[in-house]
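# quick one, fold the following:
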Amino acid sequence: MNKKISLGATITLMIMAAAVTFSITMIYYMDVFNGKVYNLKERETMYSKLSELDRIIRANYINDIDEDALNEALADGYVIGSGDKYGRYFTPEEYEAYMIDLEGRIVGIGVMAEMDPSGYILIREVYEESPAAIVGLQPGDLIIKVDDLDVNAETYEQASQAIRGEEGSKVNITYRRESEDTTIEVTRRKVDVPTVFSRMIECRSRNLTTAPRPSFPIRLTF
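Residues are numbered from 1 along each chain as shown. Sure thing, here's the model as predicted:
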């Protein structure tokens, strides 16, 4: 036997369904809104602190501020401060160098290097048959000067770019090995960068979950 629902009951059910839908929607969007307001307050606090710091430094710092360097440092610090250990900010020059590394072919001397705590360029790998290998550069050597440019934490990026150049051009490299400094002339050329490395490692424990995840410094090829 079919039961018929009156028009009034149907309208009541529709109103109830609409009310429930409206309530759920309002709860969701209020939660989203509160989250956005909270984020805005956090950002306002951050910008206020940064603005105050900027005011104090500009009022008391006696030298000229390099605005470009300041902006790059702010962007780099923001990424570091996010806590994402896999994130890194690249300057346009660093990004270009990184993309060249990915392509696996560069014009340079044929080394993989990173910044040493001293600010020097620390050679980690010397590619076989590369210009660096021909002149005797070795892993562990510290590049302390490129042509007339002294390498330090402030000039590291500039020095790294200076090692690269046109194929067939020459660059003077001063490196330090066991406290002895040596200057050599290296001819730049195209270098094929290995993309796969292998080595045997010994596993001393089956408990692999307790080992801390290592963080790796940024290494680029020159």
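
# contacts and neighbour counts: CA atoms only from here.
OK.

# so where do the strands sit in this protein?
105-108, 111-115, 121-126, 142-146, 149-150, 170-177, 180-187, 189-192, 220-221 (DSSP state E).

# can you redo those as JSON lines with mean neighbour count, mean pLDDT and distance to Gln158?
Below are the strands of the chain laid out as JSON lines (neighbours: other Cα atoms under 10 Å; pLDDT from 0 to 100; distance: least, Cα to Cα, whole Å):
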{"stretch": "strand 105-108", "mean neighbour count": "21", "mean pLDDT": "76", "distance to Gln158": "14"}
{"stretch": "strand 111-115", "mean neighbour count": "22", "mean pLDDT": "89", "distance to Gln158": "12"}
{"stretch": "strand 121-126", "mean neighbour count": "22", "mean pLDDT": "92", "distance to Gln158": "11"}
{"stretch": "strand 142-146", "mean neighbour count": "24", "mean pLDDT": "94", "distance to Gln158": "10"}
{"stretch": "strand 149-150", "mean neighbour count": "16", "mean pLDDT": "92", "distance to Gln158": "9"}
{"stretch": "strand 170-177", "mean neighbour count": "18", "mean pLDDT": "93", "distance to Gln158": "14"}
{"stretch": "strand 180-187", "mean neighbour count": "14", "mean pLDDT": "93", "distance to Gln158": "18"}
{"stretch": "strand 189-192", "mean neighbour count": "19", "mean pLDDT": "82", "distance to Gln158": "19"}
{"stretch": "strand 220-221", "mean neighbour count": "24", "mean pLDDT": "74", "distance to Gln158": "13"}
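
# okay, the ones you listed in JSON lines with distance to Glu42 next?
What follows is the strands of the chain, written out as JSON lines (distance: least, Cα to Cα, whole Å):
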{"stretch": "strand 105-108", "distance to Glu42": "44"}
{"stretch": "strand 111-115", "distance to Glu42": "34"}
{"stretch": "strand 121-126", "distance to Glu42": "39"}
{"stretch": "strand 142-146", "distance to Glu42": "43"}
{"stretch": "strand 149-150", "distance to Glu42": "42"}
{"stretch": "strand 170-177", "distance to Glu42": "47"}
{"stretch": "strand 180-187", "distance to Glu42": "51"}
{"stretch": "strand 189-192", "distance to Glu42": "48"}
{"stretch": "strand 220-221", "distance to Glu42": "36"}
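
# the ones you listed: which one's closest to Arg88?
strand 220-221 (13.7 Å; Cα to Cα).

# on contacts alone, who are the packing partners of that closest one?
Applying 3 or more Cα pairs under 8 Å, 6 or more residues apart in numbering; DSSP states H and E, one finds that strand 220-221 contacts helix 92-103, strand 111-115.

# tell me the angle of the last one relative to strand 142-146?
In this case it means strand 111-115. If you take axes from the mean of the first three to the mean of the last three Cα atoms, to 10 degrees, strand 111-115 sits at 90 degrees to strand 142-146.
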